[in-house]
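Asks: Structure of the sequence below:
(one chain, ligands or ions: 1)
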Amino acid sequence: MSETATHKGSCHCGAVAFEADLDLSGVIECNCTHCYRKGLMLGFVSPDAFRLIRGEDRLSEYLFNRHVISHRFCRVCGVEPFGAGKSPDGRDMIAVNVRTLDDVEPWTIETIRFDGLNKL
Ligand SMILES: [Zn+2]
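Replies: Numbers count the residues shown, from 1 in each chain. Predicted coordinates:
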């Protein structure tokens, strides 16, 4: 079942806050060296479905591998609320860390496992 709804999210300290129109039926857990360490659960939206409410000046960026994904994390508390990158067909995408949504209980979400360790 797919259903897009508007969710609010934030980093841990609250310096960064955002809203995203997100379908929680396609959330991915990836086993790559980065996602695994951070425990990311990622839902993907186009940039027009994502609104940064506050905290642009608190966000830092982490790049690795081919530098195609800009992992954005709060400089105060270290939490990564989202990243920005491209879909396989070249469109701009925002990868929302579903664990940072205020109104979603992560254990209620069925995730799709992605073998990023071997496929990225
Ligand atoms: Zn923070």
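
Asks: contacts, neighbours, all on C-alpha from now
Replies: Will do.

Asks: how much space between F18 and G78?
Replies: Distance, F18 to G78, using Cα to Cα, to the nearest Å: 16 Å.

Asks: Looking at those two, which is more packed in?
Replies: Between F18 and G78, F18 has the larger neighbour count (other Cα atoms under 10 Å), namely 20 against 14.

Asks: who's the residue nearest the centre of the chain bridged to?
Replies: Nearest to the mean C-alpha position of the chain, by Cα atoms, centre = their mean, lies V96 at 2.3 Å. Going by DSSP bridges, V96 is paired in beta bridges with G43, F82.

Asks: what sits against it?
Replies: 20, 41-45, 81-83 (Cα atoms under 8 Å, 6 or more residues apart in numbering).

Asks: quick one, helices of the protein?
Replies: With helices called from DSSP state H, the chain shows them at 33-38, 116-119.

Asks: So for the ion, which of the ones you listed sits nearest?
Replies: Nearest of the helices of the chain to the ion, taken as Cα to the ion: helix 33-38 at 14.7 Å.

Asks: distance between the closest one and the chain's centre?
Replies: The chain centre lies 12 Å from the centre of helix 33-38; the measure is Cα atoms, centre = their mean, to the nearest Å.

Asks: end-to-end on stretch 39-54?
Replies: Using Cα to Cα, first and last residues of stretch 39-54 are 24 Å apart.

Asks: which residues are contacting it?
Replies: Identification of contacts with stretch 39-54 by Cα under 8 Å, 6+ apart yields 15-24, 26-30, 91-99, 111.

Asks: Could you rerun that using 6 Å?
Replies: Stretch 39-54 has contacts (Cα atoms under 6 Å, 6 or more residues apart in numbering) with 16-21, 27-29, 93-98.

Asks: wait, which of those is closest to the ion?
Replies: Closest to the ion, out of all of the contacts of stretch 39-54 and judged by Cα to the ion, is V16, at 5.9 Å.
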